[in-house]
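# Give me a 3D structure for the following:
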Amino acid sequence: MTGLDLDHVAIAVPSLGEAIALHESLSGLTATAPETLPVQGVRVAFVGSLELLEPTVSDTPVGRFLSRRGPGLHHIAYRTDGLERELERLTAQGFQPIDRTPRPGARGHRASFLHPRTAGGVLIELVERRTTPA
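Alright, predicted model coming up:
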């Protein structure tokens, strides 16, 4: 087994526009167009491998995260080409999935999360990238 590759790191931010400007300036890269994920209650944009998350309302996981902790690291995402297989493997190793069934993620990908209490205190996302253009 080769293991999982890092896909992206996500930061919770109060203002997507301000965060995009900051990280474009820092990296010299151009952000993707903002995308709204209504089911998760967030707007997202990527600057390279950095995902910026802005809650659309305060009563969402990212909104509650911001009110408790302020802006900062929200999760680390690993890429897989077999999400269900990885969930099964990691669950057997003692990781607690938040999502037993993959959910729609940004850019049309599928995603599942592992609970931080079983992952060293860090929220982990498993991402299965879409293989055909949207």
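
# Stretch 79-94: how far from the chain's middle?
The chain centroid and the centroid of stretch 79-94 are separated by 17 Å under CA atoms, centre = their mean, to the nearest Å.

# Buried by neighbour count: which residues of that stretch qualify?
Arg79, Thr80, Leu83, Glu86, Leu87, Leu90 (16 or more other CB atoms under 10 Å). All C-beta atoms are positioned from the backbone trio N, CA, C, and that covers glycine.

# Please save the CA atoms from that stretch in PDB.
Output of stretch 79-94 as PDB, limited to C-alpha atoms (Å, rounded to 0.1, in the frame of the first residue of the first chain):
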ATOM      1  CA  ARG A  79      -6.800  12.100  -1.500                       C
ATOM      2  CA  THR A  80      -8.000   8.600  -2.300                       C
ATOM      3  CA  ASP A  81      -9.400   6.800  -5.300                       C
ATOM      4  CA  GLY A  82     -11.500   4.500  -3.200                       C
ATOM      5  CA  LEU A  83     -13.400   6.400  -0.500                       C
ATOM      6  CA  GLU A  84     -15.500   3.600   0.800                       C
ATOM      7  CA  ARG A  85     -12.500   1.200   0.900                       C
ATOM      8  CA  GLU A  86     -10.500   3.800   2.800                       C
ATOM      9  CA  LEU A  87     -13.300   4.400   5.300                       C
ATOM     10  CA  GLU A  88     -13.600   0.700   5.900                       C
ATOM     11  CA  ARG A  89      -9.800   0.300   6.300                       C
ATOM     12  CA  LEU A  90      -9.500   3.300   8.700                       C
ATOM     13  CA  THR A  91     -12.600   2.400  10.700                       C
ATOM     14  CA  ALA A  92     -11.000  -1.100  11.200                       C
ATOM     15  CA  GLN A  93      -7.900   0.700  12.500                       C
ATOM     16  CA  GLY A  94     -10.000   2.600  15.100                       C
END
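
# average model confidence for it?
Averaged over stretch 79-94, pLDDT sits at 94.
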